[in-house]
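Undergrad: model the structure of this input:
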Amino acid sequence: MEMRRAGEIMIPLDEYPHIPYWFTLRQATAELEKSEVVIEGRTSLPRAVLIFDEKYQLMGMARRRDIMRGLEPEFLMGRPIETRKTIFDVKVDPNLSELSYDKLLTGIRKQAERPIGEVMRPIVATVDSEDHLIKIIYEMVDRGLSILPVLKEGKVVGVVRSVDAFREIAEILL
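TA: Model prediction:
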């Protein structure tokens with residue numbers, strides 16, 4: 001069995017969620033919520049959205065947790081993490097809280113109108129469509145990545161996820 005290349009195991013860009021940097025966190029959430037990836041009959045949900053500029057140049061990505069972090073209401077920002085963790089921890093009555101549900105929802109909805117570009121992560125590595133599985137594995141493991149954009153002639157043509165690379169490893173080993 002010949003080792004496959006990135007272009008053979010990638011998800012094509014037109015099948016993976018991607019948005020412009022000016023889209024809001026709300027729009028990015030909607031894009032991720034409606035996206036499904038089907039490979040060899042298996043359906044999975046993307047964990048990130050790719051972010052492009054107006055010239056369709058890749059700028060970054062935002063994972064689900066980046067979006068959730070970006071939705072933190074302003075009134076919670078700047079507080080120590082221990083305070084933020086315990087702010088809802090009421091031992092006597094769980095319905096009593098320092099924050100009202102309405103205030104929290106209002107804060108989240110306000111933050112949801114921020115541009116995704118404010119919470120995106122830069123792209124730290126890519127692979128070429130001709131790169132072998134070994135390079136994909138190396139980049140993912142070395143950099144702690146679960147997704148790698150795939151380039152062909154300098155343009156993004158798709159992504160390889162860690163689950164896709166692992167599936168290839170399983171086929172080799174099993």
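Undergrad: so where does Tyr138 fall, helix or strand?
TA: Assigned by DSSP states H and E, Tyr138 belongs to helix 133-143.
Undergrad: could you list the residues in contact with that helix?
TA: 3-6, 9, 124-125, 127, 145-146, 148, 160, 162, 165, 168-169 (C-beta atoms under 8 Å, 6 or more residues apart in numbering). The C-beta positions use only the backbone N, C-alpha and C, and glycine is treated the same way.
Undergrad: inside strands: which ones of the residues you listed?
TA: Val127, Leu148, Val160 (DSSP state E).
Undergrad: need those residues in TSV (columns: pLDDT).
TA: Listed next are the ones in strands among the contacts of helix 133-143 as TSV, based on pLDDT from 0 to 100:
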residue	pLDDT
Val127	98
Leu148	97
Val160	97
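Undergrad: need these in CSV with neighbour count and distance to Glu15, can you?
TA: Converted to CSV, the ones in strands among the contacts of helix 133-143 look like this (neighbours: other C-beta atoms under 10 Å; distance: C-beta to C-beta, whole Å):
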residue, neighbour count, distance to Glu15
Val127, 23, 18
Leu148, 26, 16
Val160, 30, 13
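Undergrad: show me where pLDDT drops low in this protein?
TA: Residues of the chain meeting the criterion pLDDT under 70: 1, 84-100.
Undergrad: Gln101 and Lys110, how far apart?
TA: In this structure residue 101 is Tyr, not Gln. Distance, Tyr101 to Lys110, by C-beta to C-beta, to the nearest Å: 15 Å.
Undergrad: neighbour-wise, which of these two wins?
TA: More crowded of Tyr101 and Lys110, by other C-beta atoms under 10 Å: Lys110, with 12 against 9.
Undergrad: isn't the more buried one right up against Met77?
TA: No: between Lys110 and Met77 there is no contact under C-beta atoms under 8 Å: 11.9 Å.
Undergrad: the chain: strands as residue ranges?
TA: With DSSP E as the criterion, the chain has strands at 11-12, 18-20, 37-39, 42-44, 48-52, 58-63, 121-122, 127-128, 147-152, 155-161.
Undergrad: what packs against the first one?
TA: Judged by 3 or more C-beta pairs under 8 Å, 6 or more residues apart in numbering; DSSP states H and E, the packing partners of strand 11-12 are strand 155-161.
Undergrad: could you check how far stretch 134-144 is from the centre of its chain?
TA: 17 Å (C-alpha atoms, centre = their mean, to the nearest Å).
Undergrad: could you do stretch 39-47 as well?
TA: Stretch 39-47 sits 15 Å away from the centroid of its parent chain (C-alpha atoms, centre = their mean).
Undergrad: same question for stretch 6-21.
TA: The chain centre lies 12 Å from the centre of stretch 6-21; the measure is C-alpha atoms, centre = their mean.
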